[in-house]
Structures are given as structure tokens and as C-alpha cells.
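S.K.: I would like to see how this sequence folds:
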Amino acid sequence: MAGIALRRLLGAIPVLLIVSLITFGMMRAIPGDPSAIIGGISATQEQLAQIRHELGLDQPAYIQLMTWYAGLAHGDFGRSLLMGQPVLQVTMQRLPVTLALSAYALVLTLVLGLLGGIFAALRQNTWVDQAAMMFSMIGISVPNFFLGLLMIFLFGVYLGWLPTGGYIPLWQDPVGWLRTSTMPAISLALLQVGLLARITRSTMLEVLRQDYIRTARAKGLPRRLVVGKHALANALIPITTVIGIVVSLLISGSVVTETLFSLPGIGQLLTQAVLNRDYPMVQGGLLLVTAFLVFVNIVVDVCYALLDPRVRYESP
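M.R.: A predicted model of the protein is given here:
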């Protein structure tokens, strides 16, 4: 098991290097000058040149890249051009908001997606199956920002049940956190619920047609035991991989959701950094997010190996 995790960690190093290189190149290709944003509209050319020199933006691109890599080798992700604070510090301050929102959305996804897919498979070709698949199709088809706008208008503006924006930390007021996080979590989770429900249904149907399931039923085992112990346990092997993809989609989807609902998370932070051409913040923030997603994928691989011993024996 440790060998699997170690190989995945070593394989993640090239991925992080490629992501950092692409991010660096894309930020330099975007039109705009950070010094103009920092200096303001009244800044003279001499002042702008001085700002670029102080920030090191007047150096060749390869020098800037090597300087950034040298800082990364010492654990320094750079300093925000606009905030003047270390990128790692600012990111860690925003991280709890994104993690709490993603965890809330993940719970909704697992509960609704797994239950919907299981009941659809057990009631194949009935109204339950059709309703679950219709709901999942709606979830896959409706963009999360459009659903978020509808929820803001209906539950925030028209009915006034929930706030339309803002954020209250969980440790300060759990009820307030639920009120400010429910609409963003639902809009973020709906797409993943549809995806997980359809995958769960197809996987369960495939497992339920296996010979050992028919044998268990022929022996007179209770339906609850056949479905829960034998069918679902084997169906969870491919579903685990999908859950890893869902977590990645939730983290990446938080960029739009946090901006829409004015949540002070990493998604909103990176959006503002891109608009303000804050190169170190975008580069360091995306690298940290990528590292977290790589860690999630490693955990999924380990869980896959725990669920299916053949993976441990077949892995090189």
C-alpha cells in the first residue's frame, strides 16, 4: 500500500511542474500590466517603470520563472503584488471556506447521488427509475451558475428564506453557516449528483446481474443483505474512482460559486487575482490547489487498492 502511494507521489512531481509552467505562461500572455493596476491611472511612465523594477517584472520571463522556482524549492510561493502578503498565508486563510463548502456539497452529492442511483437500479424501468434519471439529467444539463442565480432570486429575493451572499464561519455560528452555505452547496452539488447517480445506477445494474448475486438470492438471503453486503460492496470499487473525480470538480467549480455568492474562499481569491494580474497569487494559488487535487487522487488510489486487493498485486 505504501508503495502505491509513493509511486503516485513521484508521478505527481511532473504534473505539478507542468501546471506551474502553463500557469506562468498563461498569466504572462494575458493582456494587462500589474504595475498599472498598482500605480493607478495617475501614475507616470517613470513611476510605472519603477514599480515594474521593484516587482522584478522588467526581467526576462525565464529569469522570473527561475526565480519563482528557486523560491518554491525553499517553500516560498511568493508575495501577492496587491496585498503585499505571502501567497501561502493568504491561501491558507481562504482555504477553510472552500473546504467547508466543498465538504457540504460532497455530503449532498454522496447522499443524493448514491441513494438515487441505488433506488433507480433496484426499481429499474419503473417511475422511480425514470424520476431519478430525469433528475440526474437536469442536474447534468443545468450550469451551476444558472441554478445559483435561480436560487438567489427564489429563496433569497422572492421568499427571503436565505441570504443572497456573504459567509459566516462554521465555528462562529453553525446555524448561520448553514444559512449562508446551503444555496452555494446545492448549486455546486447538483451537477455531481446527476453524474454520481447515473454511474451508480449503471454499476449496480451490472453487479446485480452477476451469478453470485443470483446465487445469494437463491439461497434465500434477505434482500437487504444481498444489496448492501454483496452488490453495493462490489459496486463501490468503480464508484470510488468517480467520487475522486467529483471532489476535483467540486473544488474547481467553487471558483464560479464563490464569486456568485460572494464567499471569501480560494475560488473568489483566484478570480480577483486573475482580474488584477496578480501573478504570484495566481501561480501559487493554482499550484496549491493542484497539489491538493493530486493528494485527493492519491487517496482515491489507496482506497481503490483497499477495496480491490487485485490492484495491490497487479500494480508494478
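S.K.: OK, contacts around residue 300?
M.R.: 240-241, 243-244 (C-beta atoms under 8 Å, 6 or more residues apart in numbering). C-beta coordinates here come from the backbone N, C-alpha and C atoms, glycine included.
S.K.: my error: substitute residue 124 in the last question.
M.R.: Counting by C-beta under 8 Å, 6+ apart, residue 124 has contacts residue 205.
S.K.: can you check residue 284 too?
M.R.: Going by C-beta under 8 Å, 6+ apart, residue 284 touches 77-78, 87-88, 91.
S.K.: CSV please, covering those and showing pLDDT and distance to residue 264.
M.R.: As requested, these are exported to CSV (pLDDT from 0 to 100; distance: C-beta to C-beta, whole Å):
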residue, pLDDT, distance to residue 264
77, 82, 19
78, 79, 21
87, 85, 16
88, 87, 17
91, 87, 12
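S.K.: quick one: which two of those residues are the most distant?
M.R.: Across these, no pair lies farther apart than 78 and 91, at 11.0 Å, counting by C-beta to C-beta.
S.K.: in terms of neighbours, single out the busier of those two.
M.R.: residue 91 (22 against 18; other C-beta atoms under 10 Å).
S.K.: which helices and strands sit right next to the helix or strand where that one lies?
M.R.: In this structure, residue 91 sits in helix 87-122 according to DSSP states H and E. Under the contact definition 3 or more C-beta pairs under 8 Å, 6 or more residues apart in numbering; DSSP states H and E, helix 87-122 sits against helix 127-141, helix 174-208, helix 232-260, helix 266-275, helix 279-307.
S.K.: can you tell which of those helices is closest to residue 16?
M.R.: Minimum separation from residue 16 across those (C-beta to C-beta) falls at helix 279-307, 6.1 Å.
S.K.: isn't residue 207 right next to residue 213, touching?
M.R.: Yes. Look at residue 207 against residue 213 with C-beta atoms under 8 Å: they come within range, at 6.6 Å.
S.K.: okay, and the common contacts of those two?
M.R.: residue 231.
S.K.: who has more neighbours, these two?
M.R.: Between residue 207 and residue 213, counted using other C-beta under 10 Å, the more crowded position is residue 207 (21 against 17).
S.K.: quick check: the more buried one vs residue 216, distance?
M.R.: 11 Å (C-beta to C-beta, to the nearest Å).
S.K.: try residue 290
M.R.: 44 Å.
S.K.: what does residue 287 give?
M.R.: In terms of C-beta to C-beta, residue 287 sits 49 Å off from residue 216.
S.K.: now do residue 133
M.R.: With C-beta to C-beta as the criterion, residue 133 and residue 216 are 26 Å apart.
S.K.: cool, residue 123 as well?
M.R.: 19 Å.
S.K.: who has more neighbours out of these two?
M.R.: Taking neighbours as other C-beta under 10 Å, residue 123 and residue 216 compare with residue 216 leading, 19 against 14.
S.K.: list the contacts of residue 33.
M.R.: 48, 52, 277.
S.K.: and residue 246, by the same measure?
M.R.: Per C-beta under 8 Å, 6+ apart, neighbours of residue 246: 106, 109, 192, 195-196.
S.K.: again, 10 Å this time
M.R.: 102, 105-106, 109-110, 113, 189, 191-193, 195-196, 199, 239, 296 (C-beta atoms under 10 Å, 6 or more residues apart in numbering).
S.K.: kindly report the same for residue 288.
M.R.: 16, 77, 87-88, 91-92, 95, 266.
S.K.: count of neighbours near residue 114?
M.R.: Residue 114: 21 neighbours (other C-beta under 10 Å).
S.K.: distance of it from residue 240?
M.R.: 11 Å.
S.K.: in stretch 284-293, what counts as buried?
M.R.: In terms of neighbour count (16 or more other C-beta atoms under 10 Å), stretch 284-293 has its buried residues at 284-290, 292-293.
S.K.: ditto for stretch 186-205
M.R.: Neighbour count says stretch 186-205 has 186-201, 203-205 buried, by 16+ other C-beta under 10 Å.
S.K.: from the contacts of residue 300, which would you call buried?
M.R.: 240, 243-244.
S.K.: what sits against residue 11?
M.R.: 294, 297-298.
S.K.: got a list of what residue 92 touches?
M.R.: 86, 266, 288 are the contacts of residue 92 under C-beta under 10 Å, 6+ apart.
S.K.: am I right that residue 84 falls within a helix?
M.R.: No. Counting by DSSP: H, G, I helix; E, B strand; the rest coil, residue 84 falls outside a helix, being coil.
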